[in-house]
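*Asks:* please find the sequence and the predicted model below.
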Amino acid sequence: MEIDVSELKAKSFECLDGCAMCCLCQPELSMDELAGFRKNGLTAGLTKNHIQGYRTDEPTAIKLQGGNGACHFLRDRRCTIHELRPAFCRQFPVHVHALHRIQLNANLSCRGITRGGDSLAQFGNSLVSDIDPGMMASILVETRDAVKSFEAEAAKAGVHRTPERLREAADGIIPVLCRPGGIGRVLAFADSDMPKGSMELSEILSQIEKAEPPEDLWEAAAKGNYEQLELENPAWRPVYVDAEFRWRSYHSTDGKIKVEGLGQDGTLTPELEIPLDEIPLLEPDEGAWLAFNDYADVLNSRDHFLGYSYWMCENHDYAHDLMAVYLGLLGTAMLDLWWRTGLVGRIQGRKRLDRDLALEGIRAFDMDCLDMPTKGVFF
């Protein structure tokens, strides 16, 4: 069984006291964990209603305080059932994903992850060693079957490209993508009518260099992100945890981005209302471009992102070449990150997009990126 832990290498992890960002997610329980909660009299903190909108026969989700706050069992940003916490919590900030293999992803929204060292990889390896191999094998059978079905339909439509080919092309364009004008040119190329699947990398790069960036790139970024943040249910909204561990929720309404402080009990306290046209695409400096480049490399390496392109291709009835879908999604993700970084900068009153702000943008964005729909599954 192939298990890829490459994303965890050269990273360390320390759980930061007072952060509790992971406790803003809704934990889900296995049936064995549910039995343990029942045995220990903890079922009052459970629900059959999941914030994603579905309901299970058994209470396999932990309640969120106030319906959109922190985990029911969090008090003063401390877990009150730490020894009994489910695998969902124990694994954080690592996510175990299955597509055509098992891959471990690092949740880069976690402030406890730092560059250097190997403690995160060690943690990931220990997680895998604790998972029943039979269960992993069973999940892989399902996800591989889903991949085979997708590939057959994509091949029938003449739009299929291998993962190796997609990633090779992305590797080649990322240095172009992450420099001035690059995002616009990549998106213009992806949206063009020219056939892309059979192009050599050199021709792809040549066509990207010739592409004319759209004049309304800011408008496209603002509109796309406004629509993504137009969420009525507070439990669905993104949360940004800043360096002082303040929890901030934000959403779009009435042509503005409303920023609210989030309390442990789910209380939302208005902080800022930012007109959409006051959220700029700040010009990144060299350090910021390098940070964005590194993040694009991460996305390109994730099977979850590959599965997202499969999902999108299928969702559009195989009408577009998978190469165009994949490169277009990569360009769109980087445009969304750029805009989200501008939002964080506006909240913090920053005027320059340097490496530090770029990393803050990645922290504000990665959790949402990992929530994108995909052909594979996290477990």
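*Replies:* Noted; the coordinates are in hand.
*Asks:* any idea which helix or strand comes after the lengthiest helix in the chain?
*Replies:* Under DSSP state H, the helix in the chain containing the largest number of residues is helix 322-348. Sequence order places helix 355-370 as the next helix or strand after helix 322-348, per DSSP states H and E.
*Asks:* check which helices and strands the helix or strand harbouring Arg185 sits against.
*Replies:* Secondary structure assignment for Arg185, by DSSP H and E: helix 182-191. Packing partners of helix 182-191 (3 or more Cβ pairs under 8 Å, 6 or more residues apart in numbering; DSSP states H and E): helix 163-177, helix 201-210, helix 217-228, helix 322-348. Just so you know, the C-beta spots here come from the backbone N, C-alpha and C atoms, and that holds for glycine as well.
*Asks:* outline the domain layout of this protein.
*Replies:* 3-138, 149-219+279-378 (automatic domain parsing).
*Asks:* and of the ones you listed, who's closest to Leu262?
*Replies:* domain 3-138 (6.9 Å; Cβ to Cβ).
*Asks:* now the closest one: mean pLDDT?
*Replies:* Average pLDDT, domain 3-138: 96.
*Asks:* taking helix 163-177 as reference, get the angle to the helix or strand harbouring Thr143.
*Replies:* Per DSSP H and E: Thr143 is located in helix 133-156. With axes from the mean of the first three to the mean of the last three Cα atoms, to 10 degrees applied, the angle from helix 133-156 to helix 163-177 works out at 80 degrees.
*Asks:* quick one, helix 133-156 and helix 322-348 angle?
*Replies:* 120 degrees.
*Asks:* what residues does helix 133-156 touch?
*Replies:* 1, 98-102, 160, 310, 313-314, 318, 322, 375-377, 379 (Cβ atoms under 8 Å, 6 or more residues apart in numbering).
*Asks:* closest to Leu330 out of those residues?
*Replies:* Distances from Leu330 to these, taken by Cβ to Cβ, are shortest for Leu322, at 12.4 Å.
*Asks:* any idea how far Glu142 is from that closest one?
*Replies:* Relative to Glu142, Leu322 is positioned 22 Å away (Cβ to Cβ, to the nearest Å).
*Asks:* quick one on the thing from earlier: now intersect the contacts of helix 133-156 with the helices, please.
*Replies:* 310, 313-314, 322.
*Asks:* hang on, the earlier thing: filter the contacts of helix 133-156 down to the buried ones.
*Replies:* The neighbour-count test (16 or more other Cβ atoms under 10 Å) marks 98-100, 102, 160, 310, 313-314, 318, 322, 375-377, 379 as buried among these.
*Asks:* and the two most separated of the contacts of helix 133-156?
*Replies:* Going by Cβ to Cβ, the pair spanning these furthest: Met1 and Tyr318, at 30.0 Å.
*Asks:* hang on, the earlier thing: among the domains of the chain, which comes closest to Glu244?
*Replies:* domain 3-138 (9.1 Å).
*Asks:* circling back to that earlier point, next, the buried residues of the helix holding Thr143.
*Replies:* Buried residues in helix 133-156 (16+ other Cβ under 10 Å): 136, 139-140, 143, 146-147, 150-151, 154.
*Asks:* mind putting these into a markdown table with distance to Gly328?
*Replies:* Below are the buried residues of helix 133-156 laid out as a markdown table (distance: Cβ to Cβ, whole Å):
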| residue | distance to Gly328 |
| --- | --- |
| Met136 | 32 |
| Ile139 | 29 |
| Leu140 | 28 |
| Thr143 | 24 |
| Ala146 | 22 |
| Val147 | 20 |
| Phe150 | 18 |
| Glu151 | 19 |
| Ala154 | 16 |
